[in-house]
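Asks: Turn this into a model:
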Amino acid sequence: MCGRFYIETEDRVMRSIIEEAEKKSKVKTGEIFPSDKVPVLTSCGEILPMRWGFNRFDGKGIVINARSETAETKSMFRLPMQTGRCLIACSYYFEWKKRNTEKIKFKLLPVEHGFIWLAGVSRISPKTNEKTFVILTRPASESINFIHDRMPVIFSERSQDEWLNTLNPSKTLEKAIVEMKYSRA
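Replies: Sure thing, here's the model as predicted:
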């Protein structure tokens, strides 16, 4: 789930988010892959460039997603859920569905579309000393679960501050956007 997303640069608000992050370091736009550096909104209200993925404990690869249902109890995500909640601005995300030998790529976004905020958690990588994040996932809504059984936790701008600063993140997760639409990418 959520192994790629897209950042369009034509949107005026998205462009200002990108420009703010790039005051500190270059970020990638267009199709985003794990380990790319993108603009992320922190609980302090800063837009910072962060790399997508936590290094695995065994040093073999990265973890890019965390299940929202268990993130508060898993050792890798427990502290970031308390102190590193963040939001990743994007235009939409991609998911693939296998049909026989064909892989069909879908573009997914909320029914009420503007750019979207993916819920995440961040930490400083002990290996590289740079800020990294993972995207929180949840069970997919009924409208898209035929494509994939998971989807990112997506917040509207109204829920942004609550996610970043609440003492009860589990309660805020219940306010995530559910209604999604899709098209072939």
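
Asks: ok, then the element right after the helix-or-strand element of the chain with minimal mean pLDDT?
Replies: Within the chain, confidence by mean pLDDT, DSSP states H and E is lowest for helix 169-173 among all helices and strands, at a mean of 89. Moving toward the C-terminus from helix 169-173, the next helix or strand (DSSP states H and E) is strand 180-184.

Asks: quick one: strands adjacent to that next one?
Replies: Sheet pairing for strand 180-184, assigned by DSSP bridges, gives strand 102-110 (antiparallel).

Asks: residues in contact with the partner strand?
Replies: With contact meaning CB atoms under 8 Å, 6 or more residues apart in numbering, strand 102-110 is reached by 6, 91-98, 116, 144, 147, 151, 154, 156, 177, 179-185. Heads up, the C-betas are built off the backbone N, CA and C, glycines and all.

Asks: by contact count, what packs against the longest helix along the chain?
Replies: Criterion DSSP state H: the longest helix present in the chain is helix 12-21. On a contact count with 3 or more CB pairs under 8 Å, 6 or more residues apart in numbering; DSSP states H and E, helix 12-21 meets strand 37-42, strand 47-52.

Asks: Same list, those strands, but as a markdown table with mean neighbour count and mean pLDDT please.
Replies: As requested, the helices and strands packed on helix 12-21 are exported to a markdown table (neighbours: other CB atoms under 10 Å; pLDDT from 0 to 100):
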| stretch | mean neighbour count | mean pLDDT |
| --- | --- | --- |
| strand 37-42 | 22 | 98 |
| strand 47-52 | 22 | 98 |
